[in-house]
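Visitor: 3D, please:
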Amino acid sequence: MQRRTFLRAGTATLAAALPAAFSTRLFAQDLPTQPIRIVVGFPPGGGTDVMARVLAEKLSTLWQTTVLVENRPGAAGVVAAEYAARQPADGTTLLMTNISNHAIAPSLYPKISYSVEKDFTPIMLVGVTPNLLICRTGGPAKTVADVIALCRANPGKITFGSSGAGASQHLTLEMFKLRAGVDALHVPYRGSAPLLTDLIGGQIDLCFETMTSATPQVQGGKVVPIAQTRTHRAKNFPNVPTLAESGFPGFDAGTWYGLVGPARMNPAMVARMNADMNRVMAMPDVVAKLEGFGAEDGGGTAARFAEFIATERVKWARVVKEANVKV
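Guide: Residues are numbered from 1 along each chain as shown. I've put the predicted structure just below:
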């Protein structure tokens, strides 16, 4: 089913499933009158930040209130998640969460101060993007075979950057190391922007960057895409092979983004926010932007997002254990 059709169908199904009286109360539910903050756990310019700003602009108009993006970087999104979990459940603070702080961190940081299940209210999955295995233009690799050969010739010395220890880029690297049987050096940064600056400048060799952040650099000719990490090719990178096509069947390591709030939010407010966000996701200009970033499979109900998070947690806990990842 096409993305736009799925979004329209999901919203219609939600409305149809509600009794008429409840539906009236639901969509009359007042949203917060104060400005709403979408907290992002990474610096401006990264994939999570970009996704948050696409939604914030549209929701400001739709809700007729200010929707701000507030960056609180640190520990691959954990700092922002810990902060958001402690905020009032009145809808004024939302978190643009992602794979790092909601799927990977619980296994990687056993002493984090929040529980994914108990301290957050899922609202909607925004999208899943591939990571791109990229190298600076004129760099040491152009193919997956080149990357593997480099790593085998220089065990533990070829550098791969990430936006932070425990970030999607980091765990994608660990999955790649497991599957390829190679060793490499992980170099964590405080976000994608400084990571890409050093990659382009030659301070590091490679990275598995989110397609959202990598796309402008690819378009600008500063980096070369070698492979992508979902099981199918993204529409905007039809000529870049997947790792699954490059000798690693079933390799699937997408980065995903979604909106959550603190625990115990009013169910009617959550349903209202979810319905409005589905409306935004179906707007043609938003669809075009998300497709440009390689973001797919977003929208649907809050319950769908909760199930998705649970599945992702199991998947990445296995990688953390098998790769013996320590931070």
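Visitor: Which of the helices and strands in this protein ranks last by mean pLDDT?
Guide: Here the helix or strand of the chain ranked lowest by mean pLDDT, DSSP states H and E is helix 20-28, holding a mean of 41.
Visitor: Now do the strands in the stretch 201-327 of the chain.
Guide: Here the stretch 201-327 of the chain has its strands, by DSSP state E, counting those that start in this stretch, at 206-210, 223-228, 255-262.
Visitor: closest one to residue 241 among those strands?
Guide: Among the strands of the stretch 201-327 of the chain, strand 223-228 comes nearest to residue 241, with 5.7 Å by CB to CB. For the C-beta atoms, the positions are set from N, CA and C on the backbone; glycine is no exception.
Visitor: returning to that earlier point: JSON lines please, covering the strands of the stretch 201-327 of the chain and showing distance to residue 243 and mean neighbour count.
Guide: Putting those into JSON lines (distance: least, CB to CB, whole Å; neighbours: other CB atoms under 10 Å) gives the following:
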{"stretch": "strand 206-210", "distance to residue 243": "10", "mean neighbour count": "30"}
{"stretch": "strand 223-228", "distance to residue 243": "5", "mean neighbour count": "23"}
{"stretch": "strand 255-262", "distance to residue 243": "14", "mean neighbour count": "26"}
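Visitor: and the ones you listed as JSON lines, adding mean pLDDT?
Guide: Listed next are the strands of the stretch 201-327 of the chain as JSON lines, based on pLDDT from 0 to 100:
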{"stretch": "strand 206-210", "mean pLDDT": "95"}
{"stretch": "strand 223-228", "mean pLDDT": "97"}
{"stretch": "strand 255-262", "mean pLDDT": "96"}
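Visitor: Present those as CSV; the columns should include distance to residue 133.
Guide: Output for those, formatted as CSV (distance: least, CB to CB, whole Å):
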stretch, distance to residue 133
strand 206-210, 5
strand 223-228, 4
strand 255-262, 13
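Visitor: Ok, which of those strands comes nearest residue 242?
Guide: Checking these against residue 242 by CB to CB gives strand 223-228 as the closest, at 5.4 Å.
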